[in-house]
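Q: For reference, the sequence and a predicted model appear below.
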Amino acid sequence: MISRHLLAALCATLLLVAGAPAQADAGHDHGDAPAVPTGSALPRFTAVSDTFELVGVLDGKLLTLYLDRFADNSPVPKATLELEIGGTTVKAEPHGEGLFEVQLADAPAPGVLPVTATVIAGSETDLLAGELDIHADAHEDAAAQRNWRRIVGGALGGAVVLALLFALARRARTPQAGGAA
């Protein structure tokens, strides 16, 4: 017959092992785990031609623009940039070679906005087109939800193990009735 103490220790061990993540042996490695995004990415767009490449990053009402040459990715010096975003025309303010900013009157609503850029750099003029796709932050991060489930499951398993250990310790202190005379 298995003693109660041994049975309780076996149950506690099974609970701890069942809650532990699986480990791969040598030679069974699948490489580094892919990076899990920890925050939301800012909305952005790209517009390219044979000559220029324009990338725009929207942060609230501030639109930061990066203009470079398509062939070698070098910033375009002394360029002027005018944008039409969703039917509104704005002039971009230069902030260095290839770096521009536009302060919008209002933050754009979620949806897809057409963007057209007119670039003038010396004797070169080009028209670039792209789309700014803005998503509402209505979804919950699935990875964070899984982590909470693991934490709650581990806490419940630990509570069960502590309760078993407490019951065993209490039973060990209680004198047993009946004995040999």
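A: Thanks, I have it. All figures in this text were calculated on a predicted structure; none of them were measured in a lab. Residues are numbered from 1 along each chain as shown.
Q: so which helix or strand takes in Gly154?
A: Using DSSP states H and E, Gly154 sits in helix 142-173.
Q: go on, Glu53?
A: With DSSP H and E as the criterion, Glu53 is inside strand 52-59.
Q: got the CA positions of the helix or strand just after that strand in CSV?
A: Sequence order places strand 62-69 as the next helix or strand after strand 52-59, per DSSP H and E. Provided in CSV are the C-alpha atoms of strand 62-69 (Å, rounded to 0.1, in the frame of the first residue of the first chain):
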residue,chain,number,x,y,z
LEU,A,62,2.4,64.7,-37.2
LEU,A,63,3.4,63.1,-40.5
THR,A,64,7.2,62.5,-40.8
LEU,A,65,8.4,62.0,-44.4
TYR,A,66,11.6,60.4,-45.6
LEU,A,67,12.6,61.2,-49.3
ASP,A,68,15.5,59.4,-50.9
ARG,A,69,16.7,58.4,-54.4
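Q: Can you mark which positions in strand 62-69 are buried?
A: Buried positions in strand 62-69, judged by neighbour count with 16 or more other CB atoms under 10 Å: 63-68. C-betas here are computed from N, CA, C, even on glycine.
Q: Next, the angle strand 52-59 makes with it.
A: Using axes from the mean of the first three to the mean of the last three CA atoms, to 10 degrees, the direction of strand 62-69 lies 160 degrees away from that of strand 52-59.
Q: Just list what strand 62-69 packs against, helices and strands only.
A: strand 52-59, strand 79-85, strand 99-103 (3 or more CB pairs under 8 Å, 6 or more residues apart in numbering; DSSP states H and E).
Q: can you redo those strands as a markdown table with distance to Ala41, mean pLDDT and mean neighbour count?
A: As requested, those are exported to a markdown table (distance: least, CB to CB, whole Å; pLDDT from 0 to 100; neighbours: other CB atoms under 10 Å):
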| stretch | distance to Ala41 | mean pLDDT | mean neighbour count |
| --- | --- | --- | --- |
| strand 52-59 | 9 | 94 | 19 |
| strand 79-85 | 19 | 93 | 18 |
| strand 99-103 | 19 | 94 | 16 |
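Q: Ok, which of these comes nearest Val112?
A: Comparison of these against Val112 by CB to CB identifies strand 79-85 as nearest, at 11.6 Å.
Q: Please parse this protein into its domains.
A: Annotated domains of the chain cover 1-16+138-173, 44-134 [automatic domain parsing].
Q: Would you mind identifying the next helix or strand past the one helix or strand in the chain whose mean pLDDT sits lowest?
A: When the helices and strands of the chain are compared on mean pLDDT, DSSP states H and E, helix 4-19 comes out lowest with a mean of 65. Counting by DSSP H and E, the next helix or strand C-terminal to helix 4-19 is strand 44-48.
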